[in-house]
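Engineer: Dropping a prediction and its sequence here:
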Amino acid sequence: MKKHSITIAGGGSTFTPGIVLMLLDNLEKLPIDQIKFFDNDEDRQKTIAGACRIILKEKAPDIRFTETTDPEEAFSDIDFVMAHIRSGKYAMREKDEKIPLKHGVVGQETCGPGGMAYGMRSIGDVLQLVDYMEKYSPEAWFLNYSNPAAIVAEATRKLRPNSKILNICDMPIGIEELMASAIGLESRKEMEVDYYGLNHFGWWTGIRDKEGNDLLPRIREHVSKFGYVTEDQSLQHADESWNNTFAKAKDIQALDPSTVPNTYLKYYFYPDYEVAHSNPEKTRANEVMEGREKFVFGECRKIIEKGTAAESALHIDEHASYIVDLARAIAYNTKERMLLIVENNGAISNFEPTAMVEVPCIVGSNGPEPLVQGEIPRFQKGLMEQQVAVEKLVVEAWHEKSSQKLWQALTLSRIVPSAQVAKDILEDLQEANKGYWPELS
Ligand code: NAD
Ligand code: G6P
Ligand code: MN
């Protein structure tokens, strides 16, 4: 098997060590010649890279390793870019969450005004990475999971229509692991699913085992009682906010008991509940900085100090193995069935053809072939039409540098109660994002 060269963009990400460990655990499935880290924050990347260099030396000394902030060095002679950048880092995520909350509106990384603000920062940065890849390694594929994936995916569709980009999200995978555990399966891989929606905005309509037996009724029953909370504590997120989200899935599912939902719908269906249970002084960004960021950077510093990863508490990001599955599908034409964010183009037959939708696809070396999910019901169609218009308006606002369109996008969001509140939030977000957003007129 050919050995591959991979650039991890966002080398300084808290997810990078878990992904490197996951890649090392899958070398027989995806042999690697070279790993390069690229980040625009040299200092932040240094800690993660220093530790990963030691991990690689101990576990796979043949793999060449580079850390760099130089695009030419990073993007030359590679097969894949795995992109998980966070434009503006946690400092800006904190503002995305706190500014809407100040106006009584949900403050969330990818949903509502916070997600739109993040999108206005991410679009240009992600497109720049795509351009670097195409300049220095025109044959390579760009696997993007930088958020907000829905808006980033729409921007890549519209502005880089011929580029080899795959947009993917790990939330359905995480939820499928919980479903599998809820009904006593070993792994989500025992299930085959039908699903449709937008990113962070979708529904499972069919779940079967490999023999074709229908598993959905049992899963529906579990979700209607417990949401995605299962008895297997090891699968649960350690953080309380995530466990609340998994429990809340019960109330989301009540809106359409024939399906099971993506957890992110809670922000759209229960925004009042969400705001009432938020602390405007301490949001998820604070929880992540106190938790995951401290832990990962602390462990990396220990590895560097000791010169060995032998006793490290860093662990494989097991569920990130979908990234290996995706790269393998491209590299070896495996025809793996995976949920991807792709241009609709008839996959949902009664929905906007140019919408970026999340549906099952068969992935091979020429990219994804979306599987037709047919007609969707009026309830979901109405919700999705509104939300996809929001996402498209944000991309248009970025492209045309139009504050008018961004105001329209904010006003159209289900989460925002009025055009006035939208305007007030826009003013604050625009001020906070100076230097990150294009200058809007
Ligand atoms: P993080 O802040 O720890 O890491 C992001 C890194 O990106 C930082 O080191 C930062 O310096 C770097 N960066 C920012 N802008 C850059 C640019 N223009 N060029 C190169 N590097 C740049 O964040 P994190 O919490 O580890 O998350 C990383 C990203 O992965 C976020 O976008 C997050 O939303 C996303 N994510 C997506 C999924 C999914 O389901 N799609 C799942 C998990 C995380
Ligand atoms: C899930 C979503 C991602 C999101 C992440 C946030 O994995 O699919 O899109 O970025 O959760 O997690 P965090 O722990 O940073 O709040
Ligand atoms: Mn996601």
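Structural biologist: It's in. Ligands and ions are numbered 1, 2, ... in the order given.
Engineer: Point out the residues in the protein that sit beside ligand 2.
Structural biologist: On the criterion C-beta under 6 Å from any ligand atom, ligand 2 has as its neighbours in the chain the residues 109-110, 147, 169-171, 284, 288. Every residue, glycine included, has its C-beta placed from N, CA and C.
Engineer: now these as a markdown table including neighbour count?
Structural biologist: Shown next, in a markdown table, are these (neighbours: other C-beta atoms under 10 Å):
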| residue | neighbour count |
| --- | --- |
| Glu109 | 20 |
| Thr110 | 22 |
| Asn147 | 23 |
| Cys169 | 25 |
| Asp170 | 16 |
| Met171 | 17 |
| Arg284 | 20 |
| Val288 | 18 |
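Engineer: what's the spacing between the closest residue to Lys3 other than its chain neighbours and Asp79?
Structural biologist: If you skip the residues right next to it in sequence, Lys3 has Asp33 as its closest partner in space, 3.7 Å away by C-beta to C-beta, 6 or more residues apart in numbering. According to C-beta to C-beta, to the nearest Å, Asp33 and Asp79 sit 9 Å apart.
Engineer: Thr66 is in contact with the residue nearest to Lys3, correct?
Structural biologist: No - between Asp33 and Thr66 no contact is recorded; they are 11.8 Å apart, counting by C-beta atoms under 8 Å.
Engineer: number of nearby residues for Met179?
Structural biologist: Other residues within reach of Met179 by the criterion other C-beta atoms under 10 Å amount to 25.
Engineer: what about it, helix or strand, and which?
Structural biologist: helix 171-182 (DSSP states H and E).
Engineer: what's the offset of that helix from the middle of its chain?
Structural biologist: Mean-position distance between helix 171-182 and its chain equals 15 Å (C-alpha atoms, centre = their mean, to the nearest Å).
Engineer: Quick one: list the elements packing against that helix.
Structural biologist: strand 191-198, helix 216-226 (3 or more C-beta pairs under 8 Å, 6 or more residues apart in numbering; DSSP states H and E).
Engineer: Three-state assignment for Ala150, please.
Structural biologist: When the structure is reduced to helix, strand and coil (DSSP: H, G, I helix; E, B strand; the rest coil), Ala150 reads as helix.
Engineer: And it, how far from ligand 1?
Structural biologist: Plainly put, Ala150 is 10 Å away from ligand 1 if you go by C-beta to the nearest ligand atom, to the nearest Å.
Engineer: That residue is in contact with Gly197, isn't it?
Structural biologist: No - Ala150 is beyond contact range of Gly197, at 9.9 Å (criterion: C-beta under 8 Å).
Engineer: touching ligand 1 at all, stretch 431-441?
Structural biologist: No - if you take C-beta under 6 Å from any ligand atom as the test, stretch 431-441 misses ligand 1, and the best it gets is 9.8 Å.
Engineer: Now do the same contact list for Asp239.
Structural biologist: Contact analysis of Asp239 by C-beta atoms under 8 Å, 6 or more residues apart in numbering lists 287, 291.
Engineer: The closest residue to Glu336 other than its chain neighbours sits in which helix or strand?
Structural biologist: Taking C-beta to C-beta, 6+ apart, and ignoring the residues beside it in sequence, Glu336 has Ala329 as its nearest neighbour in space, at 4.3 Å. If you go by DSSP H and E, Ala329 is part of helix 321-332.
Engineer: name the helices or strands packed onto that helix?
Structural biologist: Using 3+ C-beta pairs under 8 Å, 6+ apart as the contact criterion, the elements in contact with helix 321-332 are strand 4-9, helix 16-25, strand 80-83, strand 141-144, strand 336-343, strand 356-364.
Engineer: For the residue in the stretch 301-441 of the chain that ligand 2 sits nearest to, which residues are in contact?
Structural biologist: With C-beta to the nearest ligand atom as the measure, the residue in the stretch 301-441 of the chain that lies nearest ligand 2 is His319; the distance is 8.8 Å. With contacts taken as C-beta under 8 Å, 6+ apart, His319 has the following neighbours: 170, 173-174, 177.
Engineer: most surrounded residue in the residues you listed?
Structural biologist: Neighbours here are counted as other C-beta under 10 Å. On that basis the top member of those is Glu177, with 21 neighbours.
Engineer: quick one: that one and Lys189 touch, right?
Structural biologist: No - contact criterion C-beta under 8 Å: Glu177 and Lys189 do not qualify, at 9.7 Å.
Engineer: Dump the helices and strands packed on helix 321-332 to CSV, plus mean neighbour count.
Structural biologist: Written out in CSV, the entries for these read as follows (neighbours: other C-beta under 10 Å):
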stretch, mean neighbour count
strand 4-9, 26
helix 16-25, 22
strand 80-83, 25
strand 141-144, 23
strand 336-343, 21
strand 356-364, 23
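Engineer: Which of the ones you listed sits closest to Ser413?
Structural biologist: Within the helices and strands packed on helix 321-332, the stretch nearest Ser413 is strand 356-364; the backing value is 16.9 Å (C-beta to C-beta).
Engineer: circling back to that earlier point, how about residues contacting the helix holding Ala329?
Structural biologist: The list of residues contacting helix 321-332 from outside it, by C-beta under 8 Å, 6+ apart, reads 1-2, 4, 6, 19, 22-23, 25-26, 29-30, 79-80, 82, 141, 143, 145, 166, 168, 170, 173, 334-336, 338, 363-365, 367.
Engineer: just the angle between that helix and strand 4-9, please?
Structural biologist: With axes from the mean of the first three to the mean of the last three C-alpha atoms, to 10 degrees applied, the angle from helix 321-332 to strand 4-9 works out at 140 degrees.
Engineer: Just the buried residues of helix 321-332, please?
Structural biologist: Neighbour-count burial for helix 321-332 flags 321-331 (criterion: 16 or more other C-beta atoms under 10 Å).
Engineer: Ok, stretch 298-316 next?
Structural biologist: So, applying 16+ other C-beta under 10 Å, buried residues of stretch 298-316: 299-300, 302-304, 309, 312, 314, 316.
Engineer: Which of the residues you listed sits closest to ligand 3?
Structural biologist: Within these, the smallest distance to ligand 3 is 19.4 Å, found for Ile316 (C-beta to the ion).
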